[in-house]
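only geometry, no sequence info:
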Ligand SMILES: [Zn+2]
């Protein structure tokens with residue numbers, strides 16, 4: 001193996017390790033929580049609160065109706081009980097009863113409205129709970145699949161690291177220093193393939209003599225434009 005080819009092998013391994021690490025980071029991010037589940041949980045919580053309020057409104061309306069009925073019964077007992085005989089008082093009592101009845105009708109209408117509203121809230125609550133359950137199921141399935149992929153990637157990176165150690169054995173210290181420096185400054189790509197007598201990374205054309213040097217010289221030869229080490233393949 002030429003020195004460039006040893007470095008090229010090292011670069012392939014490093015790029016594969018980079019990709020595995022990037023995907024592992026992405027998986028960790030995905031495993032930390034799903035936006036869909038958070039949204040469904042918030043909607044479910046909101047529906048529960050609304051439902052509690054709806055139940056309280058129904059209770060309140062029913063109590064108002066019951067209170068009004070009790071008042072009406074009392075007034076009717078006075079009116080029809082026979083204890084009041086004075087026509088003026090009887091007339092006033094009659095008017096009270098009529099007024100209490102009218103207000104009772106209003107309160108009964110309100111109670112009916114709160115019950116209808118509660119039915120709506122109960123349906124909305126069920127829908128929100130179903131949506132949350134389905135988002136959680138989807139998340140569990142996604143988590144299981146991601147966890148499987150994560151295990152595979154971890155085992156793959158171990159293999160890659162071992163291969164990298166082996167590949168390093170064939171690389172001179174000086175070449176490794178150049179490689180590391182270029183990899184840091186060239187977005188991970190310290191080497192470029194020679195393609196149709198051009199640099200495969202920056203595309204600059206190379207003279208026949210330069211290509212010859214890349215192919216034959218034992219030490220690494222760098223692209224005169226981007227500075228990467230050229231590898232003839
Ligand atoms: Zn170049």
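Perfect, I can see it now. Source: prediction; values computed, not measured. Numbers count the residues shown, from 1 in each chain.

Is residue 219 part of a helix or strand, or is it coil?
The assignment at residue 219 comes out as coil when based on DSSP: H, G, I helix; E, B strand; the rest coil.

Quick check: residues of the chain near the ion?
Taking CB under 5 Å from the ion as the test, the list of the chain residues beside the ion reads 199, 201, 202, 223, 225, 226. All C-beta spots, glycine's among them, are computed from the backbone N, C-alpha and C.

Dump those into JSON lines; add pLDDT and neighbour count as well.
Below are these laid out as JSON lines (pLDDT from 0 to 100; neighbours: other CB atoms under 10 Å):
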{"residue": "199", "pLDDT": "97", "neighbour count": "23"}
{"residue": "201", "pLDDT": "96", "neighbour count": "20"}
{"residue": "202", "pLDDT": "96", "neighbour count": "14"}
{"residue": "223", "pLDDT": "96", "neighbour count": "22"}
{"residue": "225", "pLDDT": "97", "neighbour count": "14"}
{"residue": "226", "pLDDT": "96", "neighbour count": "16"}
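
Which ones among those residues lie within helices?
Residues from these lying in helices, with DSSP state H as the criterion: none.

Now the two most distant members of these.
Of all pairs drawn from those, the one with the longest distance (CB to CB) is 201 and 225, at 9.1 Å.

In this protein, where is pLDDT below threshold?
1 (pLDDT under 70).
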